[in-house]
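Asker: Provide a 3D model corresponding to the input given below.
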Amino acid sequence: MQLRWGPRRRSPRLQALGGGPDLISTLPDDLLLLVLARLECAAAAARTGVLSRRWRGLWAHLSRIVLRDLPFYSLEPALARVPRPPRAISLLEICLPEPSGPISEEDLADSAEVNSLLRAAAQIDPEEFFLVFPSGLVDGCLVLDLPCFHRATSIVLKLDLSNYGDYSTILAGVEFPALESLSLSCCTADFDALLSCCPRLRTLRLADVCFYKGAFRVNSPFLQELVVARGAWINQATIVAPVLKQLTMSLHTYQELTISILAPTVENVSWDCRFSGHSIAFGLWRLAQLSLQAAAEIPPSLHIHACISWPIFHGEVENFTHEIEKHMIAEFSVLELHLDTLGHVFGALAFLLFGMKRIRTSMRRLKVLLQRSMGGCPAAKVAR
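Answerer: Just a heads-up that it's a prediction; the model follows:
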């Protein structure tokens, strides 16, 4: 961008109002851009154009472009005003406004329009890209074909779809040569294929995701932090990350889970898996939740949540204990039992758990929390 500075003639209208010279307009563009950057919003910076012709269009030369609360169909025209080739853009942040009421179908964004917006953003080539879609702006499920952001070291996509259970599909294909941090929400993808396109990725954060064919596979030689929050309907988790330091997983499954984790350098683990249905059972007891917490500042602990199953489902003992063993992905010294007894004794369950070799040899402290639900056991009521 060519710098401009020096005195500017004031318009006759401003001269008629009196006052001294317009000292701000005599500043070079780079100083004016520092003033606009303080507004932290490109739309607010654009509105300064009413003060002087000198300010008009300057916002498009900002190194940090933040577009908040602009209607979806105004975004591409706004991005088109950024000069080509753009100066080094450190941040492009797009946060669409929450709809104030129902939106007509013709005003909803579809996959083609969102992909077009992504291509326009990629042409600006920011170092950091942040896109937030609130609920109610998207027509059904999206299929996103991410274009290449050559310079991007960080990408955040938060796509909140209108209907619970809807997920955007993110296709893998192009390479992101500089990407170090990727954060995705409300989506599904072949994450292993996606990570193969990110050779420098260090951090992967996923929230409210659904796994492709129920399998979550990660094979990344440089990944150091992996966070999965509210991963739905998973049946297989395979992680190969030789330099991983932080592992945080929150999962939901309806069947036995296949787990394979190779992360020899992991330091902090937060693992949580919730079970739906009655597939993992021992006598009257159903496995409801397993969690394992291991961090430097707290004693590592294994938490087993079990409740009385109704209707009664007599599962195999081997399945029950084997499922628990698979989730012992790190060492622990504390065992916490969270039991919803419905008035039943739990000695048989405790005897089974204490008989497991890994628990027997690792446990140094035991904590039992009993929840006696109101109403008593349904089976006892039937018997009466």
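
Asker: tell me how many other residues crowd the closest residue to Gln371 other than its chain neighbours.
Answerer: Spatially, and ignoring its direct neighbours in sequence, Gln371 is nearest to Asp340 (4.6 Å; CB to CB, 6 or more residues apart in numbering). In this view, the C-beta of every residue, glycine as well, is placed from N, C-alpha and C. Around Asp340 there are 18 other residues, counting by other CB atoms under 10 Å.

Asker: can you check Ser181 too?
Answerer: Neighbours of Ser181 using other CB under 10 Å come to 18.

Asker: spit out the contact partners of it.
Answerer: Thr153, Ser154, Ile155, Leu201, Arg202, Thr203, Leu204, Arg205 (CB atoms under 8 Å, 6 or more residues apart in numbering).

Asker: repeat the analysis, applying 7 Å as the threshold.
Answerer: By CB atoms under 7 Å, 6 or more residues apart in numbering, the contact set of Ser181 is Thr153, Ser154, Arg202, Thr203.

Asker: you'd agree the residue nearest to Gln371 is up against His305?
Answerer: No. If you go by CB atoms under 7 Å, Asp340 and His305 don't touch, sitting 8.0 Å apart.

Asker: just the buried ones from the contacts of Ser181?
Answerer: Thr153, Ser154, Arg202, Thr203 (16 or more other CB atoms under 10 Å).

Asker: columns secondary structure and pLDDT on top of these, output as JSON lines?
Answerer: Below are the buried ones among the contacts of Ser181 laid out as JSON lines (DSSP: H, G, I helix; E, B strand; the rest coil; pLDDT from 0 to 100):
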{"residue": "Thr153", "secondary structure": "coil", "pLDDT": "98"}
{"residue": "Ser154", "secondary structure": "strand", "pLDDT": "98"}
{"residue": "Arg202", "secondary structure": "coil", "pLDDT": "98"}
{"residue": "Thr203", "secondary structure": "strand", "pLDDT": "98"}
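
Asker: including distance to Asp107, could these go into a markdown table?
Answerer: Conversion of those to a markdown table gives the following (distance: CB to CB, whole Å):
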| residue | distance to Asp107 |
| --- | --- |
| Thr153 | 34 |
| Ser154 | 30 |
| Arg202 | 39 |
| Thr203 | 35 |
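
Asker: Pro177: which of these is nearest?
Answerer: Nearest to Pro177 among those: Thr153, at 10.2 Å, using CB to CB.

Asker: can you pull the contacts of the closest one?
Answerer: Thr153 neighbours (CB under 7 Å, 6+ apart): Glu127, Glu128, Ala178, Leu179, Glu180, Ser181.

Asker: how many other residues sit next to the first one?
Answerer: For Glu127, the tally of surrounding residues (other CB under 10 Å) stands at 17.

Asker: tell me the predicted confidence for it.
Answerer: pLDDT recorded at Glu127 is 96.

Asker: my guess is it contacts Arg151. True?
Answerer: Yes. With contact defined as CB under 7 Å, Glu127 reaches Arg151; the gap is 5.4 Å.

Asker: that older thread, okay, and the beta partners of the residue nearest to Gln371?
Answerer: Beta-bridge pairing for Asp340 (DSSP bridges): Cys307, Gln371.

Asker: can you pull out the strands in the stretch 201-350 of the chain?
Answerer: 203-207, 210-211, 215-219, 225-232, 236-240, 246-253, 258-262, 268-275, 281-282, 285-295, 298-308, 334-340 (DSSP state E, counting those that start in this stretch).

Asker: any buried residues in the third one, and which?
Answerer: Judged by neighbour count using 16+ other CB under 10 Å, the buried positions of strand 215-219 are Phe216, Arg217, Val218.

Asker: can you pull the contacts of the last one?
Answerer: With contacts defined as CB under 7 Å, 6+ apart, Val218 is in contact with Phe191, Asp192, Leu195, Leu226, Ile239, Val240, Ala241.

Asker: residues in contact with the residue lying closest to Lys326 once chain neighbours are set aside?
Answerer: In space, and not counting its chain neighbours, Lys326 is closest to Ile259: 4.7 Å by CB to CB, 6+ apart. Contacts for Ile259 (CB under 7 Å, 6+ apart) come out as Ala237, Lys326, His327, Ile329.

Asker: what count of nearby residues applies to the second one?
Answerer: Lys326: 17 surrounding residues under other CB under 10 Å.

Asker: where does pLDDT dip in the stretch 151-300 of the chain?
Answerer: Along the stretch 151-300 of the chain, segments meeting pLDDT under 70 span 161-165.

Asker: same thing but 80
Answerer: For the stretch 151-300 of the chain, applying pLDDT under 80 flags the ranges 161-166, 277-279.

Asker: chain center to stretch 75-83: distance?
Answerer: 27 Å (CA atoms, centre = their mean, to the nearest Å).

Asker: buried ones in that stretch?
Answerer: Quick answer for stretch 75-83 (16+ other CB under 10 Å): Leu75, Ala78, Leu79, Val82.

Asker: repeat that for stretch 268-279.
Answerer: Asn268, Val269, Ser270, Trp271, Asp272, Cys273, Arg274, Phe275, His278, Ser279.

Asker: just the CA coordinates for that stretch, please, in PDB.
Answerer: Output in PDB follows, covering the C-alpha atoms of stretch 268-279 (Å, rounded to 0.1, in the frame of the first residue of the first chain):
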ATOM      1  CA  ASN A 268      -1.800 -35.200  31.300                       C
ATOM      2  CA  VAL A 269      -4.800 -37.500  30.600                       C
ATOM      3  CA  SER A 270      -8.500 -36.700  31.000                       C
ATOM      4  CA  TRP A 271     -10.600 -39.600  29.700                       C
ATOM      5  CA  ASP A 272     -14.400 -39.900  29.900                       C
ATOM      6  CA  CYS A 273     -16.700 -42.400  28.200                       C
ATOM      7  CA  ARG A 274     -20.400 -42.600  28.700                       C
ATOM      8  CA  PHE A 275     -22.400 -45.800  27.700                       C
ATOM      9  CA  SER A 276     -25.900 -45.800  26.400                       C
ATOM     10  CA  GLY A 277     -28.100 -49.000  26.500                       C
ATOM     11  CA  HIS A 278     -27.500 -52.200  28.400                       C
ATOM     12  CA  SER A 279     -24.700 -53.800  26.400                       C
END
